[in-house]
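need the 3D shape of this:
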Amino acid sequence: QVQLVESGGGLVQAGGSLRLSCAASGITFSRHIMAWFRQAPGKEREFVAAIRLSGSYTYYSDSVKGRFTITRDNAKNTVYLQMNSLKPEDTAVYYCTGRYSPYYSGGAYSAKDVNYWGQGTQVTVSS
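Below is the predicted model:
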């Protein structure tokens, strides 16, 4: 049974930081591109950041570039999202995702290309 379990969400003031974690089980973690998506109220789910199998390459949406950092620890089957300089527009439910692929050439991808989803964790940024 595949499980992606997020943690670390919460309420923070604008300009603050949060670190999301996602522990994966039931998959060969090192063979999956890991990414974070988010969904704000009334909006479609959007790509935030992704990381290659080895962790050697990362890609970010323009809205978070320079503020968020995605990393992974294949020994712990865990992916992280460090979020700094948070803004009220970052308020959303954040989802950890896994996509089975031997290669990731970069760029954002659609939610329909994701194989596995976590249950989501709420991030709320107050102004």
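
what does the model give the spatially most central residue of the chain for pLDDT?
The structure's the chain has its C-alpha centroid closest to residue 36; by CA atoms, centre = their mean the separation is 2.0 Å. Residue 36 is assigned 98 on the pLDDT scale.

checking my notes, it in a strand, right?
Yes: with DSSP: H, G, I helix; E, B strand; the rest coil as the criterion, residue 36 is part of a strand.

ok, and the closest non-adjacent residue to it?
Excluding its sequence neighbours, the residue lying closest to residue 36 (CB to CB, 6 or more residues apart in numbering) is residue 48, at 4.3 Å. Any C-beta I mention is one placed from the backbone N, CA and C, and that applies to glycine too.

please apply the same query to residue 108.
Among residues not flanking residue 108 along the chain, residue 47 sits closest, at 4.1 Å (CB to CB, 6+ apart).

which residues does that neighbour contact?
35, 37, 61, 108, 109, 110, 111 (CB atoms under 8 Å, 6 or more residues apart in numbering).
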